[in-house]
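>>> predicted structure and sequence below. I'll ask about it afterward.
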Amino acid sequence: MGRSAPGVARHGREWALVAGVFAVVLGVAIVWLSIDRHPPEWDHANHLEHAVNCARDLAAGDLRATLGHSSFYPPLVPCAAGLVLPWWPSDVAFGEVVILAFLGAGMAATYLLGRRFAGGAGGVVAATLFATAPFTLNQALRFQLEVPLAAMVALFLVALLATDRFVHRGWAIVTGVVFGLGMLTKPPFCVYVGPACLLVLVGVRGRAAWRHATLAGLVAAVVALPWYGPRLLGLPQQLQNRSFKQALEAGFPEPLSPASLAYYPLNFPRAFGVVAVLLLVLGLVVAIRRRQWFVLAGLAPFLVFLALQNKQARYLLPLFPMAGVAAAVAYAALPRGLRRASVVALALVAALQISSTAFARPAVVAIAGLPLTDPAPPLGADWQHRRILDLIQRDSDGVTKTVSITANHSQFSPSNFRYYTVRDARPLRIGRAWDGEPVGVEYMVLKTGDVGPPWTAEKSRRVAERLAADPALARAFPVIGEFALPDGSTATVRARRIKTGPATTPDALARALEAGLLARLQEVTRDVEGLGVRLEYDASILTGRIKRLEISVAAATIGELRRRAPALLRVHDLRLVVDDALVNPWSAAEHGRFDPLDAGRVTVARATIDGADLQRFLGQVKGLGRTSLALGAGYADVRFEIPGPDVSARVRFGEAADRPVAVIAERVWIGKVPVPSPLVNWVIRNFDPSRGIAARLPFPAVVAPVTVTPAAVQVGG
């Protein structure tokens, strides 16, 4: 039986109201974007860089590269923006088109959820509360993944309800597709929808319904597997690191401590809106009395994020659609007179939240010192990224160079410099602040004043202090430009230039460098036997250039001895060759130091490592402590003990053009299950360190052919 005309008209008016709210938010975003000129911050810049790379890969038809750009962030949102970029070649607006489209879809899904549990008017209230929440608007003005994730959560919950406990096969397939796309939005998607899925599955009855539920799961796996398959074993460790390890480094309180448990309750009013939170609390009570368990299941993931050490207000945003529904349940339970008054109040509060968040008018909305909005006004100041990059590109004559951005300020960090470099297709490699010595660094960009959060500021300040205290290093990297920044600080660009050397002879400088190298080797070696150092050089050594540098030892224990509890490896018959080495000639001539700056190529020409020594070394390496190793004739059997089933493999070593040595795996097992040959690389890439080592090295590195025997691993024969 069809809907009645009054019902259709009523739903039409409700949809018009939802569309009107979306139009207001869209208009605000357009005005904001037309004013704002500040660079994308941190993850915002990283996601935009991903989008630009995805656009180029899609244009080239390179699907493998499209799926391979990020080890943690899936490609759905960046690649959607990548499709927009050719038609709207802006700096950030091409991404905002996608974010706002997701916002609109999320509002529509939230309205449908609200209509299901609180009636049509409640649906309008739910969609409005979601869209006008201070943090929703804040994130909608940035190319972040939380607004799309919230939209996918709401869309999935709508589809899940439409299955009627998986009675309807068509909706079951839709549910599987949306689940897969949700996982391709961000990995925590399954956490946000998990309780609702379990609740529905508990109510499934009949073989047909279970077949439909199974079909939905298979469809979801097919959609998500191309991206998750190669990352399946490594992703849990990344999630754990982000939830706890990185949170500890950032100074977050211990999980389940009073300060940690209080973070989200204290920040929820600022993120969702104080009036919305009051309605939410009342709505939870009403939902419990009415036994609307689906609403409660949609909010249950809050408890998961409450227990994590890493606390970010944006992690709550995917809960906002169902939080809006719970608030709408409270609205629908109010007497008619109060509902009319609350509509006016909600409209005024929404307008206040939009104005305060988007334009900081008023700049502060607080109760008892607790902020109730999240101001993010547009900024028109120029942070000079492109002028700095133009200077470096001109100075380098268009040759690919490595640039170290030593600060990690939100507006002046490696992330936004790297984005503008990729966006403008510049022949530059952008890196972070260097540690130890600036090996491989050809340009440095430094910043005075605020250099970023405390957990990264120390390294930035250490670089600046080193340049101030070491005239030889400052002489090797003279200043080629200075730029005034909007926060009152100064950006300084230094270039590596050694055109004339110290007033000494090549032989004297070579002796100083050799003595300095012997002293430097004490930082990475101990128990050394038969040490030999040989330099091949000509007059260009006065500008720091060494044609060939060879280091050989009969035996030595190597490791980063200055670190606390370093991993140590005993090596025999070691011969290391460095071709086209570049060192700082002034530090050698004036202070007798060996300060490396670059290398054309580093080759491990010969080495022997006993099997027992290699096993001891693996036991000391962080993350590999539970790895066991057994050497054979031409192979090594390796077993990785990880949470869940262990992974074992037989590996051989070969040559590779893009990394020092290729790890070739065969006979891979996950627990007691053999991995099919086509999937071996999917599994072993999570444990193969060769590509990561190559990516971190600032110069090309080569390892001579590797021979494995039951007693040792030999390099070079």
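Yes, it's here.
>>> helix or strand with the lowest mean pLDDT in the protein?
Ranking every helix and strand in the chain by mean pLDDT, DSSP states H and E puts helix 246-249 at the bottom, with a mean of 57.
>>> how is this structure partitioned into domains?
5-227+257-371, 385-495, 504-604, 626-717 (automatic domain parsing).
>>> got JSON lines for these, with mean neighbour count, mean pLDDT and distance to residue 377 too?
Where C-beta positions appear, they are placed from N, C-alpha and C, glycine not excepted. JSON lines is the format used below for those (neighbours: other C-beta atoms under 10 Å; pLDDT from 0 to 100; distance: least, C-beta to C-beta, whole Å):
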{"stretch": "domain 5-227+257-371", "mean neighbour count": "20", "mean pLDDT": "92", "distance to residue 377": "4"}
{"stretch": "domain 385-495", "mean neighbour count": "18", "mean pLDDT": "95", "distance to residue 377": "14"}
{"stretch": "domain 504-604", "mean neighbour count": "17", "mean pLDDT": "94", "distance to residue 377": "44"}
{"stretch": "domain 626-717", "mean neighbour count": "16", "mean pLDDT": "86", "distance to residue 377": "38"}
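>>> export the ones you listed to TSV and tack on distance to residue 617?
Below are the domains of the chain laid out as TSV (distance: least, C-beta to C-beta, whole Å):
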stretch	distance to residue 617
domain 5-227+257-371	25
domain 385-495	21
domain 504-604	4
domain 626-717	10
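>>> let me know which of these is the nearest to residue 620.
Closest approach to residue 620 among the domains of the chain (C-beta to C-beta): domain 504-604, 3.9 Å.
>>> now do that closest one: distance from first to last residue.
Start-to-end span of domain 504-604 (C-alpha to C-alpha, to the nearest Å) is 32 Å.
>>> cool, and stretch 487-499?
By C-alpha to C-alpha, the extent of stretch 487-499 from end to end equals 35 Å.
>>> how far off centre is it?
Its chain's C-alpha centre and that of stretch 487-499 lie 28 Å apart, by C-alpha atoms, centre = their mean, to the nearest Å.
>>> quick one: pLDDT of residue 499?
pLDDT recorded at residue 499 is 86.
>>> that one - that's part of a strand, no?
No. According to DSSP: H, G, I helix; E, B strand; the rest coil, residue 499 belongs to no strand; its state is coil.
>>> nearest residue to it other than its sequence neighbours?
residue 543 (6.8 Å; C-beta to C-beta, 6 or more residues apart in numbering).
>>> give me the phi and psi for the residue nearest to residue 691 when sequence neighbours are not counted.
Leaving aside its chain neighbours, residue 691 sits nearest to residue 659 (5.5 Å; criterion: C-beta to C-beta, 6+ apart). Main-chain dihedrals, residue 659, degrees, to the nearest 10: phi -160, psi 160.
>>> wait, residue 185 touches residue 146, no?
No. Counting by C-beta atoms under 8 Å, residue 185 does not reach residue 146; the two are 9.7 Å apart.
>>> would you tell me which helix is longest in this structure?
helix 93-132 (DSSP state H).
>>> helices or strands up against it?
helix 5-35, helix 42-60, helix 76-84, helix 134-140, helix 146-162, helix 274-290, helix 320-333, helix 336-359 (3 or more C-beta pairs under 8 Å, 6 or more residues apart in numbering; DSSP states H and E).
>>> wait, which of those helices is closest to residue 430?
Among these, helix 42-60 sits nearest to residue 430 (C-beta to C-beta), with 9.9 Å.
>>> for the next helix-or-strand element following that closest one, C-alpha coordinates in CSV please.
As assigned by DSSP states H and E, the chain's next helix or strand after helix 42-60 is helix 63-68. In CSV, the C-alpha atoms belonging to helix 63-68 read as follows (Å, rounded to 0.1, in the frame of the first residue of the first chain):
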residue,chain,number,x,y,z
LEU,A,63,45.9,0.9,-9.9
ARG,A,64,48.8,-0.8,-8.0
ALA,A,65,50.3,2.6,-7.2
THR,A,66,46.9,3.9,-6.2
LEU,A,67,46.5,1.2,-3.6
GLY,A,68,50.1,1.5,-2.4
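>>> for helix 63-68, the distance to its chain's centre please.
Counting by C-alpha atoms, centre = their mean, helix 63-68 comes out at 17 Å from the chain centroid.
>>> start to end distance for stretch 86-95?
Taking C-alpha to C-alpha, stretch 86-95 runs 12 Å from one end to the other.
>>> kindly export stretch 425-433 (C-alpha atoms) in CSV.
The C-alpha trace of stretch 425-433 is given here as CSV (Å, rounded to 0.1, in the frame of the first residue of the first chain):
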residue,chain,number,x,y,z
ALA,A,425,55.5,18.7,-9.1
ARG,A,426,58.8,20.1,-7.9
PRO,A,427,62.0,18.1,-8.1
LEU,A,428,62.6,18.2,-4.3
ARG,A,429,62.6,15.6,-1.5
ILE,A,430,61.2,16.9,1.8
GLY,A,431,62.4,15.5,5.1
ARG,A,432,62.2,16.2,8.8
ALA,A,433,64.8,17.6,11.1
